[in-house]
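Engineer: sequence first, then the predicted structure, then my questions.
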Amino acid sequence: MAERTSALAGHYAVGGFGQPGEPGVILREVPGLVLHQISAWPETLSRVGAEAAVAAGLAVAPGPGAASVGADGILLRVEPLKWWIHGVEAPELSADTGTTLDLSHARAHVRVSGPQAAICLNRHLPMDLRDDFFPVGTVASSALHHVGITLWRSNDGFDLFLPRGFALSTWEILIETAAQFGAEVK
């Protein structure tokens with residue numbers, strides 16, 4: 001497999017910036033992305049979901065708009081007939097059952113965390129990210145400055161999966177926005 005180079009290479013400066021004091025927003029690129037899309041046909045949805053769940057180390061696959069963390073990987077239900085499996089290889093599927101697609105080199109994984117993370121992201125995302133409306137385990141597709149992204153609320157914060165070609169411009173927007181809250185890049 002080809003060695004992966006960060007989409008943010010050369011533009012990733014670790015440290016604090018913006019408002020002084022404790023950082024309200026922490027930004028981090030999560031390296032080593034292993035991400036596959038698993039698609040089912042309508043008549044094979046339950047079978048493909050079961051295979052995806054086994055690959056992630058789960059008893060059952062999550063429903064639409066949800067993610068589950070398994071013993072081996074994470075399964076995100078990104079569309080009615082699609083899951084993304086994160087951190088582990090996708091199961092082998094026959095063409096009459098479904099399809100798999102390696103997205104590892106097509107996306108960048110950025111995490112936004114800290115006490116002001118939801119407010120920072122809400123400067124750009126047209127969705128309610130408060131805990132009661134977007135709890136841990138929720139997945140949604142949205143747009144950040146006209147760039148289609150997938151957002152997952154993990155135990156560690158808000159995980160954004162950005163198209164690789166737009167990762168740098170989106171990162172710059174996040175850096176600029178996070179500065180008003182006091183920020184740190186880790």
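Structural biologist: Yep, it's here.
Engineer: spell out the secondary structure type for I173.
Structural biologist: With DSSP: H, G, I helix; E, B strand; the rest coil as the basis, I173 sits in helix.
Engineer: chain neighbours aside, what residue packs nearest to it?
Structural biologist: H145 (5.7 Å; C-beta to C-beta, 6 or more residues apart in numbering). (Each C-beta comes from the backbone N, C-alpha and C, glycine too.)
Engineer: what do you get for H105?
Structural biologist: Per C-beta to C-beta, 6+ apart, closest to H105 is R4, 6.1 Å.
Engineer: my guess is the one you found contacts G32. True?
Structural biologist: Yes. Between R4 and G32 there is a contact under C-beta atoms under 8 Å: 7.5 Å.
Engineer: what ranges do the strands span in this structure?
Structural biologist: 15-17, 25-29, 35-40, 67-69, 74-79, 82-86, 98-102, 107-113, 139-144, 147-154, 157-163, 183-185 (DSSP state E).
Engineer: and among those, the most buried is which?
Structural biologist: strand 82-86 (a mean of 24; mean count of other C-beta atoms under 10 Å).
Engineer: for this structure, which spans come out with low pLDDT?
Structural biologist: 1-2 (pLDDT under 70).
Engineer: swap in 50 and give it another go.
Structural biologist: In the predicted model, the chain carries no residue with pLDDT under 50.
Engineer: ok, the residue nearest to R123 when sequence neighbours are not counted to N155 distance?
Structural biologist: Sequence neighbours aside, T177 is the residue nearest to R123 in space, at 5.1 Å (criterion: C-beta to C-beta, 6+ apart). To N155, T177 is 23 Å away according to C-beta to C-beta, to the nearest Å.
Engineer: more neighbours: those two, which one.
Structural biologist: T177 (21 against 8; other C-beta atoms under 10 Å).
Engineer: contacting residues for that one?
Structural biologist: When contacts are counted by C-beta atoms under 8 Å, 6 or more residues apart in numbering, T177 touches C120, R123, H124.
Engineer: my read is that the first one contacts F181, right?
Structural biologist: Yes. Judged on C-beta under 8 Å, C120 makes contact with F181 at a distance of 5.7 Å.
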